[in-house]
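S.K.: turn this into a structure:
(chains A and B)
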Amino acid sequence: MKERDLQDLFREIKPALDREEPPMGHQQRFLSRLEAKQSRDAKGVSWWKPLAIAASVLFLFGIFLGSFTDIIPLGDRLAEVSPEVSNTERYFAGVIEQQLTLLEQEDTPEARKMVSDAMIQLDLLEADYQKLRTDLLEGGDQKILLSAIVQNFQMRIDLLKDVMEKLETVKKLKVQENEDSTL
Amino acid sequence: MSRVGEHTETLIPLCLKGDQRAQMEIYNRYYKAMFNTAFRIVKDQAEAEDVMQESFLNAFTKLDSYRGEVTFGAWLKKIVVNKSLVYYRNRKKKNEVSLDSTLYKVGDDDVPEADHGETEHLAQKVLKTMDSLKENYRVSLTLHLIEGYDYEEICGLMGISYANCRTTISRAKESLRKKLEPILS
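M.R.: Presented below is the predicted three-dimensional model:
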């Protein structure tokens, strides 16, 4: 058999070579791998970015409001002092609550310690916030108090973001380890 | 909305953006060829599926590095071949023989080879003869004669020197010729 014959032979059988089929259900398996990968890529940036933007807006709004303290009459309820602040408060409380539920679902041994630490920090921030709120209602310096409230929200968001990112890193490392050990 | 009728060129930017329907459509178009390429090297159904799917995921992540100098299929195939060879080398280190491939080989001899056209019949005989070659002969010939890579590319892919690679392939060809002679005449 000559060199050229071998080439010719393979050219001839080429159309008949791809006769194997992957095991049943391979498309479904691929789709779930695709989905798992996409949710891995998307996680960690999806929820805190809009939240951070909202906090910045509120921060600017606080400064703006602060510069007009003199002309805003003081009421005895937060909604009367500033309906916007009251609305934003409700919004943030809702989002933070929702993120907490997500965080509580991360029930792995590594996560538990981190989550419970975060909870203690959040409780401290909540206590601070309640004090600020009372001060505001009792007619304290609006400019300082509003900026402190905004900072309080911002700190909680940063904290949640930080914890979620750390959990994500731990998870990725574990997946990586598993992949390495199966090789 | 279905992506079935669209050209591969229009699907690629969509895949890059993470459009899942476009990615599945690309998968459906290429999986068979890519699975067979992987299978011819790793010789194990489950491993070939894993290698093939891993290659698709990998390709979607680094799609922005695809410049279109070669066809998309050729670009994708190179990823598949690379990953298959990584698997092949790892297995060689561990010196494992998969149960699947052994069962497959044993069972294959008992299957009557009727119902196939002449080309199919010939292809099966050739593939079976390839399987009886030494592992590195089989792999280098698969890359050379079936996947159509030249010596230089094969050296790079298999991580061996040019001289070594040339010798291996020419010896492999010699061995294949000898084994094919009684079958083809």
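
S.K.: where does chain A have low pLDDT?
M.R.: Applying pLDDT under 70 to chain A flags the ranges A:1-4, A:42-50, A:62-82, A:84, A:107, A:182-183.

S.K.: near chain B, which residues of it show up?
M.R.: Counting by Cβ under 8 Å from any Cβ of the partner chain, chain A comes close to chain B at A:1, A:3, A:6-7, A:9-10, A:12-23, A:26-27, A:29-31, A:33-35, A:37-38, A:41, A:183. Every residue, glycine included, has its C-beta placed from N, CA and C.

S.K.: which helix or strand contains residue B:157?
M.R.: Assigned by DSSP states H and E, residue B:157 belongs to helix B:151-158.

S.K.: who touches that helix?
M.R.: With contacts defined as Cβ atoms under 8 Å, 6 or more residues apart in numbering or on different chains, helix B:151-158 is touched by B:81-82, B:85, B:136, B:139-140, B:143-144, B:149, B:161-162, B:164-166, B:169.

S.K.: swap the cut-off to 7 Å and go again
M.R.: By Cβ atoms under 7 Å, 6 or more residues apart in numbering or on different chains, the list of residues contacting helix B:151-158 from outside reads B:81, B:82, B:85, B:140, B:143, B:144, B:149, B:161, B:162, B:165, B:166, B:169.

S.K.: also stretch A:24-36?
M.R.: Residues contacting stretch A:24-36 (Cβ under 7 Å, 6+ apart): B:20, B:23, B:24, B:27, B:49, B:53, B:56, B:57.

S.K.: now do the contacts for the last one.
M.R.: Right, residue B:57. A:33, A:37.

S.K.: check which element follows the one helix or strand it maps to along the chain.
M.R.: Counting by DSSP H and E, the element that carries residue B:57 is helix B:45-61. Using DSSP H and E, the helix or strand that follows helix B:45-61 in sequence is helix B:72-94.

S.K.: now do the buried residues in that next one.
M.R.: Buried positions in helix B:72-94, judged by neighbour count with 16 or more other Cβ atoms under 10 Å in any protein chain shown: B:72, B:75-81, B:83-85, B:87-88, B:91.

S.K.: equivalent analysis for stretch A:166-176, please.
M.R.: Residues of stretch A:166-176 classed as buried: A:167, A:171 (neighbour count, 16+ other Cβ under 10 Å).

S.K.: using PDB, write out every CA atom in that stretch.
M.R.: Coordinates of each C-alpha in stretch A:166-176 appear next as PDB, following Å, rounded to 0.1, in the frame of the first residue of the first chain:
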ATOM      1  CA  LYS A 166     -17.000  35.900  50.100                       C
ATOM      2  CA  LEU A 167     -19.500  33.000  50.000                       C
ATOM      3  CA  GLU A 168     -19.300  33.000  46.200                       C
ATOM      4  CA  THR A 169     -15.500  32.800  46.400                       C
ATOM      5  CA  VAL A 170     -15.600  29.900  48.900                       C
ATOM      6  CA  LYS A 171     -18.100  28.100  46.600                       C
ATOM      7  CA  LYS A 172     -15.900  28.600  43.500                       C
ATOM      8  CA  LEU A 173     -12.900  27.300  45.300                       C
ATOM      9  CA  LYS A 174     -14.800  24.200  46.400                       C
ATOM     10  CA  VAL A 175     -15.900  23.600  42.800                       C
ATOM     11  CA  GLN A 176     -12.400  24.100  41.600                       C
END
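
S.K.: got the angle between the helix holding residue B:57 and helix B:72-94?
M.R.: 130 degrees (axes from the mean of the first three to the mean of the last three Cα atoms, to 10 degrees).

S.K.: before we move on, back to that, hmm, whatever helix or strand comes next after the helix holding residue B:157 touching chain A?
M.R.: As assigned by DSSP H and E, the chain's next helix or strand after helix B:151-158 is helix B:162-184. Yes - judged by Cβ under 7 Å from any Cβ of the partner chain, helix B:162-184 comes into contact with chain A through B:173, B:177, B:180, B:181.

S.K.: out of those, flag the one nearest to chain A.
M.R.: For the residues of helix B:162-184 next to chain A, the minimum distance to chain A (Cβ to the nearest Cβ) is 4.3 Å, reached by residue B:177.

S.K.: report how many residues lie close to that closest one.
M.R.: 16 (other Cβ atoms under 10 Å in any protein chain shown).

S.K.: on the pLDDT front, check it for me.
M.R.: Predicted confidence (pLDDT) at residue B:177: the value is 93.

S.K.: so how far is residue B:126 from it?
M.R.: 12 Å (Cβ to Cβ, to the nearest Å).

S.K.: thinking again about what came up before, and the contacts of helix B:151-158, which is closest to chain A?
M.R.: residue B:144 (9.2 Å).

S.K.: next, count neighbours for that closest one.
M.R.: Using other Cβ under 10 Å, residue B:144 has 22 other residues around it.

S.K.: wait, it sits on residue B:169?
M.R.: Yes - look at residue B:144 against residue B:169 with Cβ atoms under 7 Å: they come within range, at 5.7 Å.
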